[in-house]
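Q: Sequence and computational prediction follow.
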Amino acid sequence: MRRTMRHLLADQRMVARLIPPAAIDAIARAIAASEKRHDGEIRFCIEAGLPWSYLKRIAPARERALMLFSKLRVWDTERNTGVLVYVLLADKSIEIVADRGIARKLPQESWNAICDALGARFHAGEAGAGVLLAIESISDALAAHFPPQARNDNELPDAPVVL
């Protein structure tokens, strides 16, 4: 019941307090700059609370992240090198979902440290700075395994998704 109430009371004002519009713009610029360093595509999505359809079946944040990975078409890159960073404020959950091309070289465990560091920055009230650091860490990991190709098109939007 507590979880349901947290989600029902959560709204986009929570997101705006933690990550104001200027920080949203900085995140978009950071994603655009980072994608010049590697062959990956990064999407950042932040959501205040889960929709009722997830709450009524007590779905975890990971399930929502996987659905958004699909809905935002992160899986639909030419070389399967998309990464979704998903933050669910009501549950204080952070999930990183990597496409199969990346998962072959960088297993989920490699993303846990980034999630932990980002969570610590949120807890310290430094959400925007934490997201920028997470993008940098993801970029470092991708650059090590997926250098930029001669043709390095921007396949996904760089702007954060706020739900």
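A: Happy to help now that I have it.
Q: Now do the SS call for the most centrally placed residue in the chain.
A: Geometric centre of the chain, nearest residue: V85, 1.3 Å, by Cα atoms, centre = their mean. Of the three states, V85 takes strand according to DSSP: H, G, I helix; E, B strand; the rest coil.
Q: Find the residue closest to it in space, skipping its chain neighbours.
A: Leaving out its chain neighbours, the residue that sits closest to V85 by Cβ to Cβ, 6 or more residues apart in numbering is F44, at 4.8 Å. (Glycine included, C-beta is placed from N, CA and C.)
Q: Figure out the helix or strand that that neighbour lives in.
A: F44 belongs to strand 41-47 when assigned by DSSP states H and E.
Q: Return the list of strands paired to that strand, each annotated with direction.
A: Strand 41-47 has the following sheet partners, assigned by DSSP bridges: strand 82-88 (parallel), strand 161-162 (parallel).
Q: can you dump the C-alpha coordinates of the first one into CSV?
A: Translated: strand 82-88. Presented in CSV, the C-alpha positions along strand 82-88 are these (Å, rounded to 0.1, in the frame of the first residue of the first chain):
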residue,chain,number,x,y,z
GLY,A,82,21.8,1.1,-27.4
VAL,A,83,21.9,1.8,-23.7
LEU,A,84,18.9,3.0,-21.6
VAL,A,85,19.5,4.6,-18.2
TYR,A,86,16.1,4.5,-16.4
VAL,A,87,15.4,6.3,-13.1
LEU,A,88,12.2,5.6,-11.2
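Q: so after it, what's the next helix or strand?
A: Moving toward the C-terminus from strand 82-88, the next element (DSSP H and E) is strand 93-98.
Q: how big is the angle separating that next one from strand 41-47?
A: Computed with axes from the mean of the first three to the mean of the last three Cα atoms, to 10 degrees, the direction of strand 93-98 lies at 160 degrees from that of strand 41-47.
Q: CA atoms only: put strand 93-98 into PDB for me.
A: The C-alpha trace of strand 93-98 is given here as PDB (Å, rounded to 0.1, in the frame of the first residue of the first chain):
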ATOM      1  CA  SER A  93      15.500   2.700  -8.500                       C
ATOM      2  CA  ILE A  94      18.000   3.000 -11.300                       C
ATOM      3  CA  GLU A  95      18.300   0.500 -14.100                       C
ATOM      4  CA  ILE A  96      20.600   0.400 -17.000                       C
ATOM      5  CA  VAL A  97      19.500  -1.800 -19.900                       C
ATOM      6  CA  ALA A  98      22.100  -2.500 -22.600                       C
END
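Q: Okay then, goodbye and thanks.
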